[in-house]
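> Give the three-dimensional model of this entry:
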Amino acid sequence: MKPPPAPEARTHDHDTNNRTPLTPGQPGDEQWPAHLETRSGQAGPGFGQVEPKSDLAALGSGQTTVGFGTAAPGAGSVAPAHGQAHRGAGPPVGQRLRQPEPGSGPAEPPPGQAGPTPCRTEPEPWRDEPLPYPVTPVPRQAAPTRTPVPPRDELLQPAPGQADEARTTEPPDSRLTDPLLHPDPHTAAQAAAIENLLRCWVREQNLTSPHDGTLRIPLPTSATALLAPVHYWSLSGWHRFGRPRLAGTPESAPPLDAAKVAALLVDEATARGSLRTDTREPRPTATHAPTTPPRPPGGPESTDPLTRLHHPHRPSHRPVPVDRPVPVDRPVPVDQPDPLDQPSRSGQLDRLDQLDPLDLVGRVADSTRRVATFIAERRVGPTDGPGRFLAAEQALVLGHPLHPTPKSREGLSELEARLYSPELRGSFPLHWLAIAPCVMSADSAWTERGRAVRAEQLTARLAGPGLPLPEGHGALPVHPWQLREIRRRPAVAALFDAGLLRDLGPHGDPWHPTSSVRTVHRHHAPAMLKLSLGLRITNSCRENLRKELHRGVEVHRLLRTGLTAQWQAAHPRFDIVRDPAWLGVTAPDGGPLPGLDVLVRHNPFSPADDVACVAGLVSPRPYAHAESRAAHCADRRSTQHDHSDGHQPQYPVSTLRQGPDAAPETHLTVGSRLADVVTRLAGRTGRPRGAVAVEWFLRYLERVVRPVLWLDGEAGIALEAHQQNTLVLLDPDGWPIGGRYRDNQGYYFRESRRADLAARLPGIGERSDTFVSDEVADERFAYYLGINNVLGLIGAFGSQRLGDERLLLAAFRRFLSHAATGPARMNTTLPAQLLDSPVLRCKANLLTRLHGLDELVGPVDSQSVYVTIANPLHR
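Below you'll find the predicted structure:
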């Protein structure tokens, strides 16, 4: 009998003729971890006591869930005493959760109907077979206990017991519709842009919750203050605001637009010197407008921030120290120490004298205008096309909720935007060039049936039949917008003139842009293509860098040394979407020619797979969607006589009550795919939506977050696993069953593990520049996985009125506690860091954008501005 192929060959062989399911078997084949199982009808782990002002409050009448398919605390039932949800507070052995009883988990298909269709993954029958070759074990990484960081200014430390709380503020009109659902798309887009700016300011200035329902931002430079009604205050940062106004103006005055709000905040940041790179504690929100704002002597008297931004003779001000509230009635003492005079820990810019405020305001306006177009188009045609993966990639209509310019694409015309924007469901044929062999650069670890396939062979196949490719030349796909720009560069023009590059024109079937805009996807194609695109999208110009191309292939080769077999033995439903090949052009001087490099990315998904990037899953839908209607119908059928969780059924624009203890009302809230999934599950199972939200979240932690922690702990590889880079696989009912990570840029190899990784793959990191200090890896890992991914997911649950953030944060603490000190203790340092540190380092997108920093250029520790924020997980 012929022996079976090696596991790696079977798992990662890119055979286009034998595409196998993502996840074979039934969703319940694996055993749930002991600490997440419970007996039917029993409270969840460690949730055995009640404390009135704990981080777990009653969610209202009815049951909620902390385990899989099991009952959990309802109103006034269970909440951990302070400290019980922290490290080492595991439940008694007798209370640990057992495997759910039949019928207690996801709904079974009715008799006569087909069971769940498994998602597709690499085949797994070899999991119970001995490996046909020796596997080098990865040394375990120590997880030292981290000492909490002491507060630097006790005067700014909130008093004990005054931690920020998630709260919903009732607007004067109880029938207020979510601003994102305003019938005018431009007004809705303005509301979205302003909310983003305010969320950024609150986070980057580390403001705490106002107690009267109004956010007050003093603007001494503009002699006024910004007042914004708070509709929802999130512990995780996903706040909801109404339209702001300036202090002293009548409420009937025209509302501020996003560009004016941006100009006010930018002007204030410039005057204050708001770059903060040192540790600081939360600042309370100001309770009154400034009375005697300073005005620069001899400067312009206009209070219009746009006018001042244009003023060429505006004097520079000494920055106000930002670690204490800004004094508005007295000048800064000349001998007062200025924290911006000290070199930053991360090598970031030390002063705010290299700002480009006009650029930021212009990009805010550009982003807002494009979002208005996206909303208008989605309201006309809300139905998604076939393929869950592509639908999720096209779902980010509003973009990153904590970025000031999430959809800015300056340089893209209206016609081009309709072709190249995923939000408009654009598609286009690629433009193709022929590369002469003498200027072609490439690398490939792509294999088919155990044989290597060159990168130029892969791209020629993807072009399809009929491409007039000269003999011996490589087929290079180029984004049409990029070709127009790249031909103006002298080095590229010289290659065209010499005949070393030949223009073959547009060719082949259309490709669809994904959420990154530059990566394109086509149904049934064996690969996606990550193209170079010189547009500045969010914080970066999106042209591929050669070191990133080397990194993608290097990671693929590293995983094939046996690391994948070890990883998937522990977490068989998680993997990395591989980037095993690239093709580019060499400049006449022998170096890389930027702007033409393309990455070949494996496409493991079919249109039938329910897979979504987390950012697309949680992205608000400011329009009615067919799936929302179906979810509402299912919820209404099951809850028309019993709203025991205190929530009304969710419509496409969700009709939800304002918080767990509020009386029912008719506040209309924007929905999302996540809201549809949770609502549909609640309707099918007859359980409260809040209970389903907690169970969904716990499964996500196990299926997606735990595998990422394993890779850091066992191999010393921290992933840049933010929500757009993280894909979650859903079963037919909508429960998380696995995940994927994608991105050839976002890897941090720990310097402390260099020898271990080099033993696996000699020469690793030499061309990819992937090794960083453990300090940098800790900071970035905590931000991308802890803050952006998981806390962002908690914020989505809360702001969309799907679950209680306090309960979700407690569940996350419980998960981290078991990962740090439980029986199945993991070797990564991140759980201890998230639990023990009172503050966390967080990327400041507003300040990064204000500086005009490109996150893909320069040393990894100074590509972005990082600030210090209060840690909502710390108790």
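
> Break the chain into its domains for me.
Split into domains by automatic domain parsing, the chain comes to 154-363, 420-608.

> Dump these to TSV, plus mean neighbour count and mean pLDDT.
Where you see a C-beta, it was placed from the backbone N, CA and C, and this is true even at glycine. Listed next are the domains of the chain as TSV, based on neighbours: other Cβ atoms under 10 Å; pLDDT from 0 to 100:
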stretch	mean neighbour count	mean pLDDT
domain 154-363	18	66
domain 420-608	19	96
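
> wait, which of these is closest to residue 795?
domain 154-363 (3.0 Å; Cβ to Cβ).

> just the strands in the stretch 501-650 of the chain please.
Listed in chain order, the strands of the stretch 501-650 of the chain (DSSP state E, counting those that start in this stretch) span 501-513, 519-521, 527-530, 533-537, 540-542, 574-576, 581-585, 598-602, 611-613.

> Please name whichever of the ones you listed is nearest to residue 775.
Nearest of the strands of the stretch 501-650 of the chain (Cβ to Cβ): strand 540-542, 23.2 Å.

> closest one to residue 194 among the strands of the stretch 501-650 of the chain?
strand 533-537 (21.0 Å).

> Next, the angle strand 501-513 makes with that closest one.
Strand 533-537 and strand 501-513 meet at an angle of 40 degrees, taking axes from the mean of the first three to the mean of the last three Cα atoms, to 10 degrees as the criterion.

> Mind giving me the packing neighbours of strand 533-537?
When contacts are defined as 3 or more Cβ pairs under 8 Å, 6 or more residues apart in numbering; DSSP states H and E, strand 533-537 sits against helix 480-486, strand 540-542.

> C-alpha coordinates for it, CSV please?
The C-alpha trace of strand 533-537 is given here as CSV (Å, rounded to 0.1, in the frame of the first residue of the first chain):
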residue,chain,number,x,y,z
LEU,A,533,-1.4,50.5,-4.9
GLY,A,534,0.1,54.0,-4.3
LEU,A,535,-3.1,55.4,-2.7
ARG,A,536,-2.8,56.5,0.9
ILE,A,537,-5.4,54.4,2.7
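
> Not counting it itself, show me its contacts.
408-412, 479, 481-482, 485-486, 516-518, 541-543, 595, 854 (Cβ atoms under 8 Å, 6 or more residues apart in numbering).

> before we move on, what about stretch 251-266?
So stretch 251-266 is contacted by 190, 193-194, 197-198, 201, 217, 219, 222, 226, 243-246, 305-306, 309, 355, 357, 360-361, 364-365, 368, 404, 846, 850 (Cβ under 8 Å, 6+ apart).

> my read is residue 476 is in a helix, agree?
No: going by DSSP: H, G, I helix; E, B strand; the rest coil, the assignment for residue 476 is strand, not a helix.

> wait, what's in contact with it?
432, 433, 434, 435, 459, 583, 585, 596, 598.

> Would you indicate which residues of the top helix by length along the chain are buried?
As assigned by DSSP state H, the longest helix anywhere in the chain is helix 357-380. Neighbour-count burial for helix 357-380, with 16 or more other Cβ atoms under 10 Å as criterion, is recorded at 357, 359-375, 377-378.

> And stretch 606-621, end to end?
One end of stretch 606-621 to the other measures 24 Å (Cα to Cα, to the nearest Å).

> sorry, back to before: using a markdown table, lay out the helices and strands packed on strand 533-537 together with distance to residue 752.
Below are the helices and strands packed on strand 533-537 laid out as a markdown table (distance: least, Cβ to Cβ, whole Å):
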| stretch | distance to residue 752 |
| --- | --- |
| helix 480-486 | 39 |
| strand 540-542 | 28 |
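
> right, and the ones you listed - which one's nearest residue 827?
Of the helices and strands packed on strand 533-537, the one closest to residue 827 (Cβ to Cβ) turns out to be strand 540-542, at 32.3 Å.

> follow-up on the earlier one: what residues sit buried inside whatever helix or strand comes next after the longest helix of the chain?
Downstream of helix 357-380, the next assigned helix or strand under DSSP states H and E is helix 388-393. Using 16+ other Cβ under 10 Å as the test for burial, helix 388-393 gives 388, 389, 390, 391, 392, 393.

> quick one, what contacts the fifth one?
The contact partners of residue 392, taken as Cβ under 8 Å, 6+ apart, are 515, 611, 612, 613, 616, 617, 673.

> Is the first one in contact with residue 613, as I believe?
Right, residue 515. Yes: counting by Cβ atoms under 8 Å, residue 515 touches residue 613, with 6.2 Å between them.

> where do the contact lists of the two overlap?
With Cβ under 8 Å, 6+ apart as the test, residue 515 and residue 613 both reach 392, 393, 724.

> Dump the residues you listed to JSON lines, plus pLDDT and distance to residue 700.
Shown next, in JSON lines, are the shared contacts of residue 515 and residue 613 (pLDDT from 0 to 100; distance: Cβ to Cβ, whole Å):
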{"residue": "392", "pLDDT": "94", "distance to residue 700": "15"}
{"residue": "393", "pLDDT": "96", "distance to residue 700": "19"}
{"residue": "724", "pLDDT": "97", "distance to residue 700": "16"}
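
> Please identify which of the contacts of residue 392 is nearest to residue 770.
residue 613 (22.9 Å).

> Now that that closest one has come up, it's in contact with residue 729, right?
No: in terms of Cβ under 8 Å, residue 613 does not count as a neighbour of residue 729; the distance is 11.4 Å.

> Surely residue 718 is in contact with residue 780?
Yes: counting by Cβ under 8 Å, residue 718 does reach residue 780; the two are 6.7 Å apart.

> so what sits against both of these two?
Residues within reach of residue 718 and of residue 780 at once, by Cβ under 8 Å, 6+ apart, are residue 748.

> Look at the two and report which has more neighbours.
residue 718 (30 against 22; other Cβ atoms under 10 Å).

> which residues does the more buried one contact?
Contacts of residue 718 by Cβ under 8 Å, 6+ apart are 711, 712, 747, 748, 750, 777, 778, 780, 781.

> returning to what we had before: using JSON lines, lay out the contacts of residue 392 together with distance to residue 771.
Output for the contacts of residue 392, formatted as JSON lines (distance: Cβ to Cβ, whole Å):
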{"residue": "515", "distance to residue 771": "29"}
{"residue": "611", "distance to residue 771": "31"}
{"residue": "612", "distance to residue 771": "32"}
{"residue": "613", "distance to residue 771": "27"}
{"residue": "616", "distance to residue 771": "32"}
{"residue": "617", "distance to residue 771": "33"}
{"residue": "673", "distance to residue 771": "37"}
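
> So how do I select the buried members of those in ChimeraX?
Remark: buried members of these, expressed as a ChimeraX selection using 16+ other Cβ under 10 Å:
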select :515,611,612,613,616,617,673
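
> Which member of the contacts of residue 392 is positioned nearest residue 796?
residue 617 (8.3 Å).

> just checking, that closest one touches residue 672?
Yes: with contact defined as Cβ under 8 Å, residue 617 and residue 672 form a contacting pair (7.1 Å).

> Nearest spatial neighbour of residue 491, chain-adjacent residues omitted?
Excluding the flanking residues, the one nearest residue 491 by Cβ to Cβ, 6 or more residues apart in numbering is residue 587, at 5.6 Å.

> does the nearest residue to residue 483 once chain neighbours are set aside count as helix, strand or coil?
With Cβ to Cβ, 6+ apart as the criterion, residue 483 has its nearest non-adjacent residue at 4.9 Å, and that residue is residue 431. Under three-state DSSP, the three-state class of residue 431 is strand.

> so how far is residue 601 from residue 431?
From residue 431 across to residue 601, the span is 19 Å (Cβ to Cβ, to the nearest Å).

> Next: residue 265.
38 Å.

> Same question for residue 209.
Separation of residue 209 from residue 601 (Cβ to Cβ) stands at 42 Å.

> Same question for residue 376.
32 Å.

> for residue 473, same thing?
23 Å.

> so who does the closest residue to residue 554 other than its chain neighbours touch?
Sequence neighbours aside, residue 768 is the residue nearest to residue 554 in space, at 5.0 Å (criterion: Cβ to Cβ, 6+ apart). For residue 768, the contacting residues are 547, 548, 550, 551, 554, by Cβ under 8 Å, 6+ apart.
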